[in-house]
Every structure is written in C-alpha cells, then in structure tokens.
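Visitor: any chance you can model this:
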Amino acid sequence: MGMKGMFTYAENVITCYGSAQRLSCESGLIRVKSAVYGRTDSTVCSVGCPASETQNTQCSMNVPLISDRCNGRSVCEFRTDALGLPDPCYGTYKYFNTTYDCVTGHSFVLCHGSYSSLDCGESSILGGAILNILSAGYGRTDSTTCSAGRPASEITNTNCYNTNTLAEVKKRCQGKTSCIVTTINVFSDPCVGTYKYLTVAYTCVAEHTSVTCEGGTAMLTCESGILKILSANYGRTDSTTSVKAK
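Guide: Just a heads-up that it's a prediction; the model follows:
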C-alpha cells in the first residue's frame with residue numbers, strides 16, 4: 001500500500017506508515033516542535049495507492065508520544081506501526097509528519113540509588129538562566145546502561161518505563177536555577193525485579209520577568225530567537241507590586 005519510505009526536509013521528517021522514522025542531531029539534543037499522524041496532502045506517500053486512500057486530506061491527530069520518546073536524545077528511531085495509535089481516518093493511507101530542532105543542552109544518566117544536581121548558575125532580578133526540562137525517563141530501555149555487576153535477571157527487561165517521570169522531574173526542577181534529583185523513593189516501580197535508572201535532558205534558558213498592572217498592556221520581546229512562556233500568573237501574591245498611589 002503506497003511507497004513505504006522516509007523523506008527528510010531539514011528539520012522536518014515525513015514518514016509513510018509502516019516505515020521507521022528517524023530523528024537525529026549532529027550536535028545538540030532533539031526537541032520535537034510538532035508530531036502529527038494522518039493525511040493533509042494528497043500527494044505525500046501516495047505512490048501505488050488508489051485515489052480512495054489519498055483523497056481525504058482533513059485527517060490528522062497530534063502524537064505527543066513522539067516527544068516523550070525523542071526529546072533530549074541525539075538520535076531517535078522507531079517503527080511507526082509499533083506505536084499502537086488509534087486510526088483517525090479509516091480507509092486512508094496515513095503518514096507521520098514530525099518537526100523538530102536541535103538545541104544545546106545537557107543530558108545524564110543516574111543509576112538507581114544515586115543523586116545528581118542540575119545547575120544553570122546564579123539568577124538575578126535582571127534575569128538569568130533557568131532550567132527547562134526536555135525529557136526524563138525512569139526504568140530500563142537497554143541492557144547495558146547501569147549494568148555493571150548486575151545479574152542478567154535484573155537487566156534483561158528493556159521495556160520498562162515509568163510514565164509519570166517527566167511530570168515529576170518538571171515539578172521539582174522546571175524554572176529553577178538548580179535542583180537535586182534522585183531515584184530514591186520518588187518514582188513508582190514500573191517493573192519489580194529490574195534494576196532501573198533515570199535519564200534527564202535539559203537546557204538552560206534565559207529568564208525575563210514582566211509585571212503588568214491590571215488595565216495595563218504588556219510587551220514581550222526577544223532581541224533574537226522566539227518567545228517561550230515558562231509561567232504566567234494573574235492575581236496578587238504580595239502587597240507591594242502595582243499598588244495605586246493615594
């Protein structure tokens with residue numbers, strides 16, 4: 001059904017269903033910007049397909065699973081037919097369209113029972129660098145990492161993954177200048193009897209703060225690059241900011 005292959009356009013990869021999608025960065029770490037499954041064009045991945053399988057170009061669904069798998073890695077490859085996704089449009093031959101960039105960042109592996117520090121240096125009221133967590137995984141996805149001295153029974157299960165790891169690491173570290181992470185009594189055990197490890201990838205991003213009184217107008221700008229909102233709050237958290245003169 002159709003030509004099964006992969007087409008790469010700079011940082012955009014289109015992969016016909018059933019083929020392996022591969023994202024890679026010669027330098028830096030992968031940051032998925034969007035990942036869509038379906039069909040929005042009648043010509044892409046259409047060779048050998050009858051018209052009835054390519055005419056529906058209003059078929060698409062977001063695939064956050066690709067971000068979960070690939071963010072923070074230098075290379076990420078997977079079979080598209082092994083993701084177990086629901087079918088957004090029966091009878092239509094679909095493809096994956098993933099856009100990503102390569103960002104300068106840091107990554108590390110923490111064997112179970114250890115601690116590590118994530119640090120972006122000092123911040124100031126004029127702005128500094130803060131943590132932006134790209135990815136985090138706790139479990140075991142290969143048989144060699146953190147395997148020294150371990151019996152085979154503890155490292156053979158390579159399909160072990162805690163689904164709440166990223167949310168937990170973000171809760172502890174996102175937006176801070178530094179934080180300490182550990183595997184001890186933090187994550188639920190996704191595979192009893194398997195020796196696990198934590199992988200984390202993060203960047204340090206510039207921090208700028210804007211405060212606007214009610215009724216005012218905020219102007220957010222970047223001298224270079226694009227805006228990324230890390231947090232936003234409406235209300236009052238102290239008694240001195242935006243106080244009206246009497």
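Visitor: select the longest helix from the chain.
Guide: The single longest helix within the chain, with elements called by DSSP state H, is helix 165-173.
Visitor: mind giving me the packing neighbours of that helix?
Guide: Packed against helix 165-173 by the contact rule (3 or more Cβ pairs under 8 Å, 6 or more residues apart in numbering; DSSP states H and E) you find strand 129-140, strand 178-182, strand 197-206. Using the backbone N, CA and C atoms, a C-beta is placed for each residue, glycine as well.
Visitor: avg pLDDT for that helix?
Guide: In this model, helix 165-173 has an average pLDDT of 94.
Visitor: could you do stretch 95-106 as well?
Guide: The model assigns stretch 95-106 a mean pLDDT of 92.
Visitor: contact partners of it?
Guide: Contact partners of stretch 95-106, identified using Cβ atoms under 8 Å, 6 or more residues apart in numbering, comprise 11-17, 21, 23, 25-40, 44-45, 63, 66, 70, 72, 80, 118, 134, 201-204.
Visitor: out of the residues you listed, which are buried?
Guide: 13-17, 21, 23, 25, 29-32, 35-39, 44-45, 63, 66, 70, 72, 80, 118, 134, 201-204 (16 or more other Cβ atoms under 10 Å).
Visitor: domain-wise, how is the protein divided?
Guide: 6-103, 106-206 (automatic domain parsing).
Visitor: pipe those into a markdown table and attach distance to residue 235 per row.
Guide: Output for these, formatted as a markdown table (distance: least, Cβ to Cβ, whole Å):
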| stretch | distance to residue 235 |
| --- | --- |
| domain 6-103 | 29 |
| domain 106-206 | 18 |
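Visitor: any idea which of these gets closest to residue 236?
Guide: Residue 236 sits nearest to domain 106-206 of all the domains of the chain, at 19.3 Å, using Cβ to Cβ.
Visitor: now do the closest one: distance to the chain's middle.
Guide: With Cα atoms, centre = their mean, to the nearest Å as the basis, domain 106-206 stands 14 Å off its chain's centre.
Visitor: do the same with stretch 18-33
Guide: That offset, for stretch 18-33, works out to 11 Å (Cα atoms, centre = their mean).
Visitor: distance from the chain centre to stretch 79-95, please.
Guide: 21 Å.
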